[in-house]
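J.: with the input below, show me the fold.
(chains A and B)
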2 protein chains.
Amino acid sequence: MTALPRINHLLTSGKPGESVRIRGWVRTRRDSKQGFSFVEVNDGSCMGNIQVVVPGEVPGYAETIKSVTTGASIEVEGELKESPGKGQRVEVEASSLRVIGSADPEKYPLQKKRHSFEYLREIAHLRPRSNTFGAVARVRNRISYAVHEFFQSRGFLYINTPVITTSDCEGAGEMFQVTTLDLAKLAQLQTTLDFSQDFFGKPASLTVSGQLEAEIYATSLGDCYTFGPTFRAENSNTARHLAEFWMIEPEMPFYELPENMSLAEEFIKSVCRAVLDDCQEDMDFFNKRIDDTVLATLDNILAHEFIRLPYTEAIDILEKSGQEFEYPIEWGRDLQSEHERYLTEQHFKQPVILHDYPRTIKPFYMRCNEDGKTVRAMDVLVPRVGEIIGGSQREERLDVLTDRMQEQDLDPAEYWWYCELREYGTVPHSGFGLGLERLVQLVTGMQNIRDVIPFPRTPGHAEF
Amino acid sequence: MTALPRINHLLTSGKPGESVRIRGWVRTRRDSKQGFSFVEVNDGSCMGNIQVVVPGEVPGYAETIKSVTTGASIEVEGELKESPGKGQRVEVEASSLRVIGSADPEKYPLQKKRHSFEYLREIAHLRPRSNTFGAVARVRNRISYAVHEFFQSRGFLYINTPVITTSDCEGAGEMFQVTTLDLAKLAQLQTTLDFSQDFFGKPASLTVSGQLEAEIYATSLGDCYTFGPTFRAENSNTARHLAEFWMIEPEMPFYELPENMSLAEEFIKSVCRAVLDDCQEDMDFFNKRIDDTVLATLDNILAHEFIRLPYTEAIDILEKSGQEFEYPIEWGRDLQSEHERYLTEQHFKQPVILHDYPRTIKPFYMRCNEDGKTVRAMDVLVPRVGEIIGGSQREERLDVLTDRMQEQDLDPAEYWWYCELREYGTVPHSGFGLGLERLVQLVTGMQNIRDVIPFPRTPGHAEF
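T.: Down below sits the predicted model:
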């Protein structure tokens, strides 16, 4: 078999009169009383199906057409015609029809009716055949490539930081352990745990962030970014948490916080623009069927310069807002989602970058301000999602860094190489991180983060 | 600070007379007896350093210049001049010089002298500052982006298959376990292992391949590819094995083996072309310093159509070769590296795709041929590296697939979703996989796979 034009190509630029061959999966079939059939075929290249008219004269029509059921794979040869029906420019008049693989209509789990997203998660091997999950996959792909395009066009190096690690970026626990020890044997015998027998000779776990390693490359080769899987062993069963998700983490030498904020803004806008430009059909679907504010949100993001607002001023605004919040507002406390969303959705009605947070609520690697109270942190907030990016200028002064580590009960000796980046040719530098899945949620309006990743991993779930 | 033109830009297109500001790390300094200094500065944007001439009249010269040592970070303002020296078009005449971060010459671990790659692995946080590892990082980046460009330009969807999995693609063991069980407690108490208490409620491990999951997307949305980390808990301390490495796995519906072979050939050529076009300086370095056959190898790959050769004929050629091999040659045995390299390097002297291997030595998912003896497998062999790609047409017939599983003592019930892809709308399909690090080795000539990944993971090693 050879490469054929795919259905998106035929629907947009196929010429009536052209001989065509198509292959794909049947979405629906309708038999007319006049002895011919309409078959809607999808090949995943776009949301739209191509309509195939199968005349009764097609060889073997009577036997074949019975197997042309939802989910079956078929091959059709025929001619492209102008379509008299509405909603489509062209259709195929079949001269031959072949069922490649049938799908027993009594058993096929993905019938034409609408299924709940919960049900579809249980059949994650078939859900990409649905309109919603096909659209999610295409948009997720476009976003992923837009990430690479953005950074590559600016000369950033793509760096693969390790998944298996013996250090903990956030110093916050919640990590999965990785081991080759025989756990059953370990349980049976009463013994002492001996990591020298383990694969890496010491406790190892799955990374929560590639930032510390990305800083190595930023402070030697210049602007760089990671884009890979990260992990949290957090027992959270929410619509916002995954145990395994993909993170994008750029890291730039010589950037101070203002440049970091500008890059984050450009980055978000560039991704939104790519999706609006290239995924129009899928975006119309999301706006119509999933959340009728997604297009407006993206337009809002593109139309405004992101507000820059110090945390301290944000606290002031929140205190004066007259809103009833579930969580208290107080200088020194972290903001909750409700606060962030109030700021970006109601107060400013546009994206906001909060910066200069209290040092007590932020990790050791963020640069301390002269006021002794705040660090050069930033969070980008967007309407409907809240925080989408977190970042900071990094602490490049060795003495301040080790003080901060001790303040947070971390042992500088365990971060010896991270400290050495400050000992040898240190430079001011900054970076940020964002979760790909949050970005896909922002763009598509999908409510549950489990529905924007092909195979979600959550407590109790690692199927497929 | 704001974005400045980087050194690669100044070296290639900076204009004499231009005012410039540069920031980077000092590679060397040489003081002239006439009271001025030459400083070689690198910022990672290219292999080449820019030469900075620092006149004695620069403010603070006498005190500052002492700290301008190898590894220190500096900022220079000045004017671009035509360089009288050889090997460089332009140089910077400094009007100001500032040390951003010093590097104690008594302690800095990366002095100008040549260090062994073994030593550099121990300082993986500094090795990107060396010529070789800078070049590896830039070439690896170019290859990675070329992978995305190749597939995206052909309409393939990028799919993130899961890292944490409860199934085993190869059915071959050698997997890392992922757990949140308290191992110390497990060891202390004499108890029975209870995975219902573990994070995912059952044993989970790190994936060895995303292929099976990629097939889900190929058989619903069309051509797709994965590009992500994969893992082998193999206790191999060789220059060819990593416990964690990045794999690229395209998967295409309606492709049979010949189309699969063509795609693999186009793919390899496209990556080689991108590197030759865009990484000339780094490639010249590899050819001069690392392996003087790398450029010839890439030219050879680009110049030839890859030979297609059935395994059975390869055995015949090897038997008649008159060569002394360490491992025996016999139909039904897997080929060893020495055999593969003989075929591609000595016999054909060009890339070869071997296909249709004995079924007994290949995994269950490869499509069985009618002869009952072989499967539609393919291996792409290239000079100097041997096997670079492995792939196959996949078995799309449910009955044959389940027979093959049983033949290999695998339980079809554990692969229920994989089987269902054959039950509902099955289609012929194919795919292949290749390790990014092998590709980087092919292109750069680097001998040890630990030197082409930023932070290698091997038995006993998961530092940084």
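
J.: contacts and neighbour counts: CA atoms only from here.
T.: Will do.

J.: enumerate the residues of the stretch 251-400 of chain A near chain B.
T.: A:254, A:255, A:256, A:259 (C-alpha under 8 Å from any C-alpha of the partner chain).

J.: one more time with 10 Å, if that's ok
T.: Counting by C-alpha under 10 Å from any C-alpha of the partner chain, the stretch 251-400 of chain A comes close to chain B at A:253, A:254, A:255, A:256, A:257, A:258, A:259, A:396, A:397.

J.: can I get the residues you listed in CSV with secondary structure?
T.: Shown next, in CSV, are these (DSSP: H, G, I helix; E, B strand; the rest coil):
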residue, secondary structure
A:253, strand
A:254, coil
A:255, coil
A:256, coil
A:257, helix
A:258, helix
A:259, helix
A:396, coil
A:397, coil
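
J.: show the buried residues in the residues you listed.
T.: A:253, A:254, A:255, A:256, A:257, A:258, A:259, A:396, A:397 (16 or more other C-alpha atoms under 10 Å in any protein chain shown).

J.: ok, the fourth one to residue B:307 distance?
T.: Here the distance between residue A:256 and residue B:307 works out to 54 Å (C-alpha to C-alpha, to the nearest Å).

J.: equivalent analysis for the last one, please.
T.: Distance, residue A:397 to residue B:307, by C-alpha to C-alpha: 58 Å.

J.: below-threshold pLDDT in the stretch 101-250 of chain A: ranges please.
T.: In the predicted model, the stretch 101-250 of chain A carries pLDDT under 70 at residues A:168-173.

J.: now the strands for it?
T.: Taking DSSP state E, counting those that start in this stretch to define them, one finds strands in the stretch 101-250 of chain A at A:157-158, A:164-165, A:177-179, A:204-206, A:224-231, A:244-253.

J.: identify whichever of these lies nearest to residue B:132.
T.: Nearest to residue B:132 among the strands of the stretch 101-250 of chain A is strand A:157-158 (15.6 Å), distances taken as C-alpha to C-alpha.

J.: how about residue A:68, phi and psi?
T.: phi -80, psi 80 (degrees, to the nearest 10).

J.: around it, how many other residues sit close by?
T.: Using other C-alpha atoms under 10 Å in any protein chain shown, residue A:68 has 29 other residues around it.

J.: find the nearest non-adjacent residue to residue A:443, please.
T.: Distances taken as C-alpha to C-alpha, 6 or more residues apart in numbering or on different chains put residue A:294 closest to residue A:443, at 6.4 Å, once the chain neighbours are dropped.

J.: isn't the one you found up against residue A:442?
T.: Yes: the criterion here is C-alpha atoms under 10 Å, and residue A:294 meets it with residue A:442 at 7.5 Å.

J.: joint contacts of those two?
T.: A:383, A:384 (C-alpha atoms under 10 Å, 6 or more residues apart in numbering or on different chains).

J.: name the residues of stretch A:86-100 that are buried.
T.: A:89, A:90, A:91, A:92, A:93, A:94, A:95, A:96, A:97, A:98, A:99, A:100.

J.: I'd say residue A:102 and residue B:424 touch.
T.: Yes: under the criterion of C-alpha under 10 Å, residue A:102 lies in contact with residue B:424, with a separation of 6.0 Å.

J.: so what sits against both of these two?
T.: Joint contacts of residue A:102 and residue B:424 (C-alpha under 10 Å, 6+ apart) are A:25, A:70, A:71, A:72, A:73, A:108.

J.: among these, name the ones in strands.
T.: Counting by DSSP state E, the part of these found in strands is A:25, A:73.

J.: any of the shared contacts of residue A:102 and residue B:424 buried? List them.
T.: Counted by 16+ other C-alpha under 10 Å, the shared contacts of residue A:102 and residue B:424 give A:25, A:70, A:71, A:72, A:73, A:108 as buried.

J.: and which of those is nearest to residue A:355?
T.: residue A:25 (50.3 Å).

J.: now the closest one. Nearest residue, chain neighbours left out?
T.: Distances taken as C-alpha to C-alpha, 6+ apart put residue A:73 closest to residue A:25, at 4.3 Å, once the chain neighbours are dropped.

J.: contacts only, for the one you found.
T.: With contact set as C-alpha under 10 Å, 6+ apart, residue A:73 has these partners: A:23-27, A:41-43, A:67, A:98-103, B:219-220, B:424-427.

J.: right, I'll leave it there.
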